[in-house]
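Visitor: okay, sequence plus prediction incoming.
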Amino acid sequence: MRVLITGASGQLGNELQRLFETGRAEIGPIPQQFKGAEVVYTDTPQLDITDAKAVERFVAEGRFDLIINCAALTNVDGCESNEDLANRVNALGAENLAEASAWADIPIIHMSTDYVFSGTESGERVESDVAAPLSAYGRSKLEGERLVAAANPKHHIVRTAWLYGYAGNNFVKTMLRLAENHDEVTVVDDQLGNPTSANDLAYELLKIALSDDYGIWHVTNEGTCSWADFAEVVLGGSDCAVKRCTSAEYKATHPESAARPAFSSLRNKHLEDTMGNQMRLWQDALSAYLKNLPTLEG
């Protein structure tokens, strides 16, 4: 099997590479069908997904069996100030990959986000719920979903949330770094969602890749918390305290920041209804991450 991974230098791309190289995730072994797979890892220097001709040529020459698109512009505040760039990468770039994969008659996995929802509703969001993003980032990702689905019927659109991995920067590493030189960190406590291990997510992606039950999937670790709750668990072994604030208070001191959904917790219903949901409780996944971080951080 030949697999193309775009955005391979990011958190999820790195975890996928770890799984392909070791043959297992923290949850368990990867599917047997991927043992010995030939994987091509690309990022912008190797393949600019916004260049339709380059994507078409790369996919045609590569003779791939699967594309996993992890490439995205994920800086939420940065997207707010440059929505045109966000759309070029998150929407049109995704469409280029979907069109090339449709031409090659192969499936595509396209990553999306909980930020496609407004977060004004109560209760966990399932895949069939109506999306209504608040930010440029959310709008660009929702448009990417629409374009991918229209371009290739063999699509798996996977929404995740609050991702952290061993490589790159993320909320967990930021909290740990701040705790080294601060007695207190201020964290929003009225935005709720699902902290998600990139290692767990990568494991589920490889299961989904083998399914012909195409459509939208939610894949997050189990359980809902606020960013402040998340921070308190991360810093549980330190002397740094978490000071809680509201979104309005944060916005007052960071007026350039984009709107975030207040409640964007996702339910992995498609997994539950088909192959089964093996995603761990977010506290269990985070505990494993913190234990492994000193040796696996990239």
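Guide: Noted; the coordinates are in hand.
Visitor: all the helices of this protein, residue numbers only.
Guide: Ranges of helices in the chain, per DSSP state H, are 11-22, 52-62, 76-81, 83-87, 94-104, 136-151, 171-179, 198-209, 227-234, 247-253, 269-273, 282-296.
Visitor: next, count neighbours for Ala252.
Guide: When counting by other C-beta atoms under 10 Å, one arrives at 10 neighbours for Ala252. C-beta coordinates here come from the backbone N, C-alpha and C atoms, glycine included.
Visitor: same check on the one 3 residues further on?
Guide: When neighbours are counted by other C-beta under 10 Å, Pro255 registers 6.
Visitor: list the contacts of it.
Guide: Neighbouring residues of Pro255 by C-beta atoms under 8 Å, 6 or more residues apart in numbering: there are none.
Visitor: try Ala149
Guide: By C-beta under 8 Å, 6+ apart, Ala149 lies in contact with 155, 157.
Visitor: and it, how far is that from Met1?
Guide: Ala149 sits at a distance of 24 Å from Met1 (criterion: C-beta to C-beta, to the nearest Å).
Visitor: cool, Pro133 as well?
Guide: As defined by C-beta to C-beta, Pro133 lies at a distance of 34 Å from Met1.
Visitor: who has more neighbours, those two?
Guide: For Pro133 versus Met1, neighbours defined as other C-beta under 10 Å are more numerous around Pro133 (21 against 13).
Visitor: that one and Asp114 touch, don't they?
Guide: No: proximity of Pro133 to Asp114 does not meet the contact threshold set by C-beta atoms under 8 Å, at 9.9 Å.
Visitor: can you redo the helices of the chain as CSV with distance to Asn69 and mean pLDDT?
Guide: Supplementary listing: these in CSV, determined by distance: least, C-beta to C-beta, whole Å; pLDDT from 0 to 100:
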stretch, distance to Asn69, mean pLDDT
helix 11-22, 10, 96
helix 52-62, 10, 96
helix 76-81, 17, 92
helix 83-87, 15, 96
helix 94-104, 5, 98
helix 136-151, 8, 97
helix 171-179, 23, 96
helix 198-209, 11, 98
helix 227-234, 27, 97
helix 247-253, 30, 91
helix 269-273, 18, 97
helix 282-296, 23, 96
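Visitor: now those helices in CSV, with distance to Tyr41?
Guide: Written out in CSV, the entries for the helices of the chain read as follows (distance: least, C-beta to C-beta, whole Å):
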stretch, distance to Tyr41
helix 11-22, 6
helix 52-62, 12
helix 76-81, 24
helix 83-87, 23
helix 94-104, 15
helix 136-151, 21
helix 171-179, 22
helix 198-209, 13
helix 227-234, 29
helix 247-253, 36
helix 269-273, 26
helix 282-296, 18
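Visitor: ok, which of those comes nearest Val158?
Guide: Comparison of these against Val158 by C-beta to C-beta identifies helix 198-209 as nearest, at 6.5 Å.
Visitor: could you list every helix and strand in contact with the closest one?
Guide: Other elements packing on helix 198-209 under the criterion 3 or more C-beta pairs under 8 Å, 6 or more residues apart in numbering; DSSP states H and E are helix 11-22, strand 66-69, strand 108-113, strand 155-160, strand 163-164, helix 282-296.
Visitor: angle of that helix against helix 11-22?
Guide: Per axes from the mean of the first three to the mean of the last three C-alpha atoms, to 10 degrees, the angle that helix 198-209 makes with helix 11-22 is 70 degrees.
Visitor: now helix 198-209, how far from the chain's geometric center?
Guide: 11 Å (C-alpha atoms, centre = their mean, to the nearest Å).
Visitor: with stretch 119-138 instead?
Guide: Between the centre of stretch 119-138 and the centre of its host chain there is 15 Å, according to C-alpha atoms, centre = their mean.
Visitor: please apply the same query to stretch 159-171.
Guide: With C-alpha atoms, centre = their mean as the basis, the distance from the averaged C-alpha position of stretch 159-171 to the chain average is 7 Å.
Visitor: just the CA coordinates of that stretch, formatted as CSV?
Guide: Coordinates of each C-alpha in stretch 159-171 appear next as CSV, following Å, rounded to 0.1, in the frame of the first residue of the first chain:
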residue,chain,number,x,y,z
ARG,A,159,-13.4,16.4,12.9
THR,A,160,-11.2,16.6,16.0
ALA,A,161,-10.6,19.1,18.7
TRP,A,162,-8.0,20.5,21.1
LEU,A,163,-5.2,18.4,19.6
TYR,A,164,-1.8,17.8,21.3
GLY,A,165,1.1,15.7,20.1
TYR,A,166,4.7,15.0,20.9
ALA,A,167,6.0,17.1,18.1
GLY,A,168,5.4,20.8,17.6
ASN,A,169,3.7,23.3,19.9
ASN,A,170,0.4,22.9,21.7
PHE,A,171,-1.6,23.9,24.7
